[in-house]
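Trainee: sequence first, predicted coordinates after that:
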Amino acid sequence: MADKSRSGPPEYVVVREIYEHEDAQEEFELELEKALDANAKIIIIEPSKLGDETAHWISVGNCLHKTSVLTGLGALISGGCWPERGLLFLPLGSLSVLCAGVYAISWQFDPCCKYQVEHNKNRIKKIPVHTLTTTTPVVLVRRDDKRRKLLHNAVSLCAGAFCAWKIYQWYIE
């Protein structure tokens, strides 16, 4: 069910948990894909299995993003403070590049990466849906992720370049 009161992406879409036949799980997944492709601002997922899988997928992507940023910053800071200690910044820089690479390959073009799981109970209560069949839906909210992707790619690229530059310096000495 979608709110189509105006043109553009729907305000919200509900993936209903209605078991009409044995292929219901595939139908739920198809409804979620349609909602993601429609760029709905809010997606409410009633089927618990699909909601849990989607929330887990988003949290893994978030973990890769945060790990990439934090290890990249750690590599740059530790490399700037202790440039002679490659055992500290080289693994951090490598991990940053690895996480950014995995994110780029597996998550960057997935429409799910544009959404975050809403955990704030007050915001969830404001959603104008009165006929949910579950008391624990997974609520996804569309967020602009351009700055987020730019941040982790820039930090990772800088950390990788810094590590490569330090290895090059050690090699020519």
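Mentor: It's in. Numbers count the residues shown, from 1 in each chain.

Trainee: quick one: the strands in this structure?
Mentor: 12-15, 42-45, 115-117, 138-142 (DSSP state E).

Trainee: dump those strands to JSON lines, plus distance to Phe89, mean pLDDT and mean neighbour count.
Mentor: C-betas here are computed from N, CA, C, even on glycine. Formatted as JSON lines, the strands of the chain follow (distance: least, CB to CB, whole Å; pLDDT from 0 to 100; neighbours: other CB atoms under 10 Å):
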{"stretch": "strand 12-15", "distance to Phe89": "45", "mean pLDDT": "86", "mean neighbour count": "23"}
{"stretch": "strand 42-45", "distance to Phe89": "40", "mean pLDDT": "90", "mean neighbour count": "25"}
{"stretch": "strand 115-117", "distance to Phe89": "31", "mean pLDDT": "93", "mean neighbour count": "20"}
{"stretch": "strand 138-142", "distance to Phe89": "36", "mean pLDDT": "90", "mean neighbour count": "21"}
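
Trainee: for these, which one sits closest to Lys66?
Mentor: With CB to CB, the closest approach to Lys66 among these belongs to strand 115-117: 12.7 Å.

Trainee: in its sheet, what does the closest one sit against?
Mentor: For strand 115-117, the pairing partners within the sheet under DSSP bridges are strand 138-142 (antiparallel).

Trainee: got the contact list for the strand it pairs with?
Mentor: Strand 138-142 has contacts (CB atoms under 8 Å, 6 or more residues apart in numbering) with 9, 39-45, 51-52, 54-55, 58, 112, 114-118, 123-124, 127.

Trainee: sorry, back to before: of the strands of the chain, give the one that comes closest to Leu150.
Mentor: Closest among the strands of the chain, using CB to CB: strand 115-117, at 17.0 Å.

Trainee: just how off-centre is the closest one within its chain?
Mentor: 7 Å (CA atoms, centre = their mean, to the nearest Å).

Trainee: ditto for stretch 114-131
Mentor: Centre-to-centre, stretch 114-131 and its host chain are 18 Å apart (CA atoms, centre = their mean).

Trainee: would you turn the strands of the chain into CSV with distance to Ser96?
Mentor: CSV is the format used below for the strands of the chain (distance: least, CB to CB, whole Å):
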stretch, distance to Ser96
strand 12-15, 35
strand 42-45, 31
strand 115-117, 22
strand 138-142, 27
